[in-house]
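1. Turn this into a structure:
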Amino acid sequence: MPIEVRRKEKEPVGSLLRRFPRRVQQSGVLINARKSRFYKKKKTKRLIKSSALRREQLRAQRKEMIKMGLLEEGQLIPKEQIKIIKK
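-> Sure thing, here's the model as predicted:
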């Protein structure tokens, strides 16, 4: 996706060059280029499943703690109180 900056009528080249970096930054091209700069290994199926299971367990634990009044809505579980069931 090429980025285009057109010169307005009677616009000096200096202001055109000042607008270009702003347009590049807004387009997100630099962010994508930096992300793809180094190879990133994809997660294995086992890792994806285990992280999904962990999230589900944490959600359930958080819901229980909110019902018992130990946590308020929007509050995170303290690290000392996290219980993860390993199978």
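2. pLDDT value on the residue lying farthest from the centre of the chain, please?
-> Most distant from the centre of the chain: Lys10, at 41.9 Å, with distances by Cα atoms, centre = their mean. Lys10 is assigned a pLDDT of 89 by the prediction.
3. Check Met1 too.
-> Confidence score, pLDDT, at Met1: 64.
4. and if you look at Lys40?
-> At Lys40, the model reports a pLDDT of 88.
5. for Leu58, same thing?
-> 90.
6. do Met68 as well
-> At Met68, pLDDT is 89.
7. Can you give me the neighbour number for it?
-> 8 (other Cβ atoms under 10 Å). Glycine gets a C-beta too; all of them are placed from N, C-alpha and C.
8. quick one: contacts for it?
-> Contacts for Met68 (Cβ atoms under 8 Å, 6 or more residues apart in numbering) come out as none.
9. Could you report the separation of it from Leu30?
-> 48 Å (Cβ to Cβ, to the nearest Å).
10. ok, now Leu53?
-> Distance from Leu53 to Leu30, by Cβ to Cβ: 36 Å.
11. Please apply the same query to Leu47.
-> 30 Å.
12. and if you look at Gln61?
-> From Gln61 to Leu30 the distance is 40 Å (Cβ to Cβ).
13. and the two? which has more neighbours close in?
-> Applying other Cβ under 10 Å to Gln61 and Leu30 shows that Gln61 carries more neighbours, namely 17 against 11.
14. so who does the more buried one touch?
-> Ile77, Ile82, Lys83.
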